[in-house]
Each structure stands twice: as structure tokens, then as C-alpha cells.
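Colleague: Just to be clear, the model below is a prediction. Sequence and coordinates:
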Amino acid sequence: MSEISRRKLITTGIAAAAGVSGLAVSKNLAERHGLIPPDGGGFYGPGETLTYAAQRILAKHSMAREFSPSEISKPPFANPVDPLGAAFKRLREGRFADWRLAVDGMVARPASFSLAELKSQPSRTQITHLACEEGWSYIAQWTGVPLAHVLDLVGVLPQAKFVVYFSFQHDWWDSLDMAEALHPQTLVAYGMNGGDLPVGNGGPLRLRVPRQLGYKNVKFITRLTVTDDLKQFGQGLGSASPEGGYAWYAGV
Amino acid sequence: MPDSAWVADSAAAVPARTAVARHSALVRVTHWITTVCFLALLVSGIEIVISHPRFYWGEAGNVLTPPLFKLPIPASRASVPTGYGYVLPDQNGWSRYLHFQSAWLVVLSGLLYVIYSFFSGHLRKDLLPGEADLSWRRFSSAIADHLRFKRPTEEEARSYNLLQRLTYLFVIFALFPLVIWTGLAMSPAFASVFPAAVSVLGGQQSARTIHFFVSLLLFAFLLVHVMMIWFAGFKKCTRAMIVGNSGQDKESR
């Protein structure tokens, strides 16, 4: 064996060992600091983990851009409404007076709020951009109770790590980490462009997460569950989205 | 260790054939990582565009607002009016996972390449045009040589010509940064951290539109690049990019 190839072999060996142990150390660190998303396994796990970890480090407290009233999309965006069934129709006919938002899980005082009770809480109004993963977007004014305030009312236990939210549409549910859940712009929204939130846009209640894509903004929410473990929900990937092939973290 | 020891050593083992080194190991490895990632980004990018083949200018745009232009293709979502009577299969899920994973890999390997190029002299020796080349006369003669498909001499083929250098510099330091920037500008979380990086582009929909056009330019580069390699000798060039030399030795040229 010539001298150069021996030297090359040794350097390559050291580099490989350093690389492997470096990866192991960073995986450990990332796990300890909650930087691995629930869908961080599998073939696309490395890309998802890099995106989520990078943004959790960079964008923990950043504020979504807010716009002026003149920038609100005209005409106001409206989605075609999926058939929601007879039960929804009855609630709608009653002007959603019987709509409830249950809050349970790792909280000191589980509760259930009516629409009127939520509207009597301190509110926040913000003009933000909502982008769909398909590529389209709109700007609207949203009014609602900050999710952080709702969580305050029920007393979140210190070990909580995620807020899972469920829709009237049973196949649609999702979850946020505490950084996103406690973010001041994350709203339990009941109003849009000065009126009640239209059913097409998720009314009567929609979780509005302006730092993530549209599909994270689940419509018709009925229940919030605070937890420290996403494994017990659905397939354990944190939301219905990864089960349908979409990333759990949608800040992109 | 003196170089002569290695030459003597290998000369004893192999008959005297010292192949001309063409590309360094790091350039070769990052080149092929970029190739694989670019093809993945291209396929997944096309799939993502198919879900909404309309483009806008400004911050927001949707089916209720006038588009800047539409691609004359069917869509993979029923909510987009395309004029076609059918909807293509929706492939956005894996396309998005693949797009972002490839983006990470190509950005990291691209960073490695750029840092290496600065410190190894690759940028100065192989990419930046020599002072003598920086004249309109040299530039126009280089274009004329290309248009006449004039084959370079063996000596000329050992380094990049003026047009190649300028094109590579443009792709590496203009198109790639721009496609990364416009890609990031579409991200709502990125926009919350660097709002100015979005507004100077004209908004998130403008970023999407620019991203599309820069991707088209990169795709055009890929086509011309492969065409030129075909013209210059596909086997020889590809071998040089895989094993580092083109298989021709100094003695027999």
C-alpha cells in the first residue's frame, strides 16, 4: 500500500467516524429540544426535520406580516362548501347558538365554550395572508380569541407539548406545538372582514395559524386536546395531513 | 510527501499513463448531487404547479382574482377552472415532501461547493474569466465559435471557455440564489422572519411567479448543458465528471 492511499484511508475513516457521531449527537440534541416533527421518520424525515428545526430556531417568536385594510382580497375569497350533513345544517339554522368548543386533556379545568362565551373574551383582529399549498392565497381580516387566552382559561399543565384540534369534519384534525399554540397571532377565529366567519371559510369557528399554510387552519373546530404525546392520536403522525401524504409542519 | 514518490510508485505499478485531472472530487460529488436533486425538484415542481396552473403578481391571488397568465394545461384540483372537463390525479403530498428534501440537499451541497470554490482556487482558476478574455472582441468571437459549432482543440477543451465560464457563474451566483430566495419567500414562516425579503419581490404571489420563471431558465440551462456535452463527446465528458479525468493521457495527445 502506498503512503498516500494509507493516509487517504485514515483521513476518510476519521471523517466518516466524525460524521456519524456528529449526526448522532445532533439527533440527540434535536430530540431534547423538541426539534423533530412527529412525521420526522421515514424517507422524507431528514428534510422535514431540517425545515422544522430551522424554523423553530429562527421563527419561534416572529410575527406574521399584517396588512392594511386596502390590501384585503377583493372579491373576498370564498370556498365552495362541502356537504356537512344534517347535524351541521341544524346548527346553522340555529345560528350556531349550540356550537361548542370543548377543551380537555392536560389542563387543570376542562371546559366547553359556546360561541357567545368565546365572543365575550378579549379578542384580536388582524389582517393576514392565507396561502394554500396548491399555490393560491388571499388576504382577509380575521377576528377571534387568541388560542393562548383560551389555554390560559383552562390552565395548561406544564408538561404539555402539543394542542390537538378536531373538526366537525371527522377526517380533519391537526396539532400545533406549544410555540405555535401560544403565539399571539394564533386565533380561535369567529369573524372575517368585519362579519361572522362564513361557513365557506370555516365558520362558525376556525383555528387561524397565519405562520403556516392553509391546511393547518382547520375549519369547523369543535374540540381542543392538550397533550404531551401525539402517538395516541390517529396514526401517531400528529395530524390527518401526514396520513394523507402532507407534512405535519406547514410553515414550510 | 514529495510528489515524485507517488509518480515513481505508481509508475512501477501501472504503465506510464498519467491521465489529465479534469474535475476535483468535490466538484464531481456536488455535481451529481445537484443533478439528482435538480431532477427531483423539476418533477415535483411540475406536480405542484399542476395543482394551480395560474400565476399572479402581488401578495395574493386566487381563482376569483385575475391571473397574470395561465398555463394551458388541466389541473389536479377541481377548484381551478381550466376549461378541461377532467381533473388530473393529485400528487402534491409526496411532491412537496420531495421538493423540500431535495431543496435542502442541493442547498447544502451547493454551499459546500461555493465555499470550496473560493478557497481551492476553483472559482479563480476555472470559473472567473481571465483578464485577457474580458473584451467584447473575445466575447463575440466566443459566441461566433459556438454558433459555428467549432470544436475546441484538445488544449482548449482542458479548461472552460469564456461563454462556459460566464454561464456557470450566472447559474451559480444568480439563478440558484434567486430560485432559493423566491422559494423561501413563499414560506409563511420565512416571511414572518424576513418580511422585507418578500416585499421587495412584490409579494408572495410575485415570488411564486419569479420562482417559476427562474426554474424555466434553469431547465433551459440543463438542456443546453446536456446538448453541449453531447456535442463535445458525451462519454468523455461524463467519464471526466465521474472519475475525474477524460481517459486521455498526457503522452498520447
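Modeller: Good, I have the coordinates. Residues are numbered from 1 along each chain as shown, chains lettered A, B, ... in the order given.
Colleague: What are the buried residues along the helix or strand hosting B:Thr209?
Modeller: B:Thr209 belongs to helix B:204-243 when assigned by DSSP states H and E. Neighbour counts over helix B:204-243 (16 or more other Cβ atoms under 10 Å in any protein chain shown) mark B:204-212, B:214-215, B:218, B:221, B:229, B:236-237, B:239-241 as buried. For glycine as for every other residue, the C-beta is placed from the backbone atoms N, C-alpha and C.
Colleague: likewise stretch A:77-94?
Modeller: Buried residues in stretch A:77-94 (16+ other Cβ under 10 Å): A:Phe77, A:Asn79, A:Phe88, A:Leu91.
Colleague: give me the subset of the residues you listed touching chain B.
Modeller: Contacts with chain B within the buried residues of stretch A:77-94, as defined by Cβ under 8 Å from any Cβ of the partner chain: A:Phe77, A:Asn79.
Colleague: closest to chain B among the buried residues of stretch A:77-94?
Modeller: Using Cβ to the nearest Cβ, A:Phe77 comes nearest to chain B of the buried residues of stretch A:77-94, at 5.4 Å.
Colleague: Can you verify my assumption that that closest one contacts A:Asn201?
Modeller: Yes - with contacts defined as Cβ atoms under 8 Å, A:Phe77 counts as touching A:Asn201 at a distance of 7.4 Å.
Colleague: hey, what's in contact with both of the two?
Modeller: Residues touching both A:Phe77 and A:Asn201 by Cβ atoms under 8 Å, 6 or more residues apart in numbering or on different chains: A:Ala140.
Colleague: okay, now the residue of the stretch 1-150 of chain A found nearest chain B: neighbour count?
Modeller: Closest residue of the stretch 1-150 of chain A to chain B, Cβ to the nearest Cβ: A:Gly47 (2.9 Å). By the criterion of other Cβ atoms under 10 Å in any protein chain shown, A:Gly47 has 21 neighbours.
Colleague: ranges for the strands of the stretch 101-250 of chain B?
Modeller: Taking DSSP state E, counting those that start in this stretch as the criterion, the stretch 101-250 of chain B carries its strands at B:245-249.
Colleague: whoops, chain A was the one
Modeller: A:100-105, A:111-114, A:124-131, A:137-146, A:162-167, A:173-177, A:187-192, A:195-196, A:206-208, A:221-227 (DSSP state E).
Colleague: Tabulate the ones you listed (a markdown table), appending mean pLDDT.
Modeller: Output for the strands of chain A, formatted as a markdown table (pLDDT from 0 to 100):
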| stretch | mean pLDDT |
| --- | --- |
| strand A:100-105 | 98 |
| strand A:111-114 | 98 |
| strand A:124-131 | 98 |
| strand A:137-146 | 98 |
| strand A:162-167 | 97 |
| strand A:173-177 | 97 |
| strand A:187-192 | 98 |
| strand A:195-196 | 96 |
| strand A:206-208 | 98 |
| strand A:221-227 | 97 |
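Colleague: can you tell which of these is closest to A:Trp248?
Modeller: A:Trp248 sits nearest to strand A:173-177 of all the strands of chain A, at 7.5 Å, using Cβ to Cβ.
Colleague: Excluding its own residues, what touches that closest one? List them.
Modeller: By Cβ under 8 Å, 6+ apart, strand A:173-177 touches A:34, A:38, A:56, A:147, A:161-167, A:186, A:207, A:209, A:215-216, A:218, A:227, A:230, A:233-234, A:238-241, A:248.
Colleague: if you set the cut-off to 6 Å instead, what comes out?
Modeller: A:Phe162, A:Val163, A:Val164, A:Tyr165, A:Phe166, A:Lys216, A:Val218, A:Gly238, A:Ser239, A:Ala240 (Cβ atoms under 6 Å, 6 or more residues apart in numbering or on different chains).
Colleague: With just CA atoms, put that strand into PDB.
Modeller: Taking C-alpha atoms only, strand A:173-177 is exported to PDB below (Å, rounded to 0.1, in the frame of the first residue of the first chain):
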ATOM      1  CA  TRP A 173     -57.800  17.100  12.700                       C
ATOM      2  CA  ASP A 174     -54.400  18.600  13.300                       C
ATOM      3  CA  SER A 175     -52.000  19.700  16.100                       C
ATOM      4  CA  LEU A 176     -49.600  22.600  16.900                       C
ATOM      5  CA  ASP A 177     -46.600  22.600  19.100                       C
END
